[in-house]
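1. the following comprises the amino acid sequence and a computationally predicted model.
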Amino acid sequence: GENVEQHPSTLSVQEGDSAVIKCTYSDSASNYFPWYKQELGKRPQLIIDIRSNVGEKKDQRIAVTLNKTAKHFSLHITETQPEDSAVYFCAASKKEYGGSQGNLIFGKGTKLSVKP
Amino acid sequence: NAGVTQTPKFRVLKTGQSMTLLCAQDMNHEYMYWYRQDPGMGLRLIHYSVGEGTTAKGEVPDGYNVSRLKKQNFLLGLESAAPSQTSVYFCASTTTGNSNQPQHFGDGTRLSIL
């Protein structure tokens, strides 16, 4: 089955710097890769996702890149702010056209701390 | 539109007791999921449902049962609680489409088994 590895487990940056979190997946058939942000004591919330038919997607200060050949995808946060401090989870799933929704397999999370 | 609602938010049980966690969604989603979240382990799928009246096992199903009698509700049961089931439980739901759709999570239930 699918396995998702996420690195690093903790990341500390200065406010204004960039942060990069990387994930690798094992199933080459995976075609959907969401990223979730979870603040302390709160629910995971989707911040960005990418499908296998594109290599990069941006939303303001957040971007995700996908390398299907190498089977890895990354989250990039630019101009980090203290409110970006949270745990970030990557995930992967697959769905064949006309088939059932694939289950998400999550990485173990990255705790990002942004120091003022 | 409340999204995904979980009850209760907190619960303390003694070993051997039983309880049911309720998840309700008002988005008319077909798929519903139960996860547990433990420190350093990420989110692990317990059981899921692809529609009313259907359930299936996830990655860590042992010790749990589920039911989906109504499309909007997904119940998670612990028949005989064990300390290893101390965790934060999240419910999620999503809709169908030609490609995978994002899952929407509830606020979680923090469960402690003494």
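-> Structure received.
2. how many residues are close by residue 30?
-> With no chain named, the answer covers chain A. As a burial measure, residue A:30 scores 22 neighbours (other Cβ atoms under 10 Å in any protein chain shown). (Each C-beta comes from the backbone N, C-alpha and C, glycine too.)
3. ah, no, chain B please
-> Using other Cβ under 10 Å, residue B:30 has 17 other residues around it.
4. please look at it and residue B:51 and confirm they touch.
-> Yes: Residue B:30 lies in contact with residue B:51 (Cβ atoms under 8 Å); the separation is 5.2 Å.
5. look up how far chain B lies from residue A:38.
-> Counting by Cβ to the nearest Cβ, to the nearest Å, the separation of residue A:38 from chain B is 9 Å.
6. who's in contact with the one residue sitting closest to the centre of chain B?
-> Geometric centre of chain B, nearest residue: residue B:34, 2.6 Å, by Cα atoms, centre = their mean. Contacts for residue B:34 (Cβ atoms under 8 Å, 6 or more residues apart in numbering or on different chains) come out as B:21, B:23, B:45-48, B:58, B:64, B:66, B:74, B:76, B:89-91.
7. of the residues you listed, which are in range of chain A?
-> Restricting the contacts of residue B:34 to those touching chain A (Cβ under 8 Å from any Cβ of the partner chain) yields B:45, B:48, B:58, B:90.
8. looking at those, which are in strands?
-> B:45, B:48, B:90 (DSSP state E).
9. ok, of those residues, which come out buried?
-> Buried by 16 or more other Cβ atoms under 10 Å in any protein chain shown: B:45, B:48, B:90, out of those.
10. need the residues you listed in a markdown table with pLDDT, can you?
-> Listed next are these as a markdown table, based on pLDDT from 0 to 100:
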| residue | pLDDT |
| --- | --- |
| B:45 | 95 |
| B:48 | 95 |
| B:90 | 98 |
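11. which one of the residues you listed sits closest to residue A:69?
-> residue B:45 (27.8 Å; Cβ to Cβ).
12. low-confidence ranges, chain A, go.
-> The model of chain A has pLDDT under 70 over residues A:96-98.
13. from it, which residue is nearest to chain B?
-> residue A:32 (3.7 Å; Cβ to the nearest Cβ).
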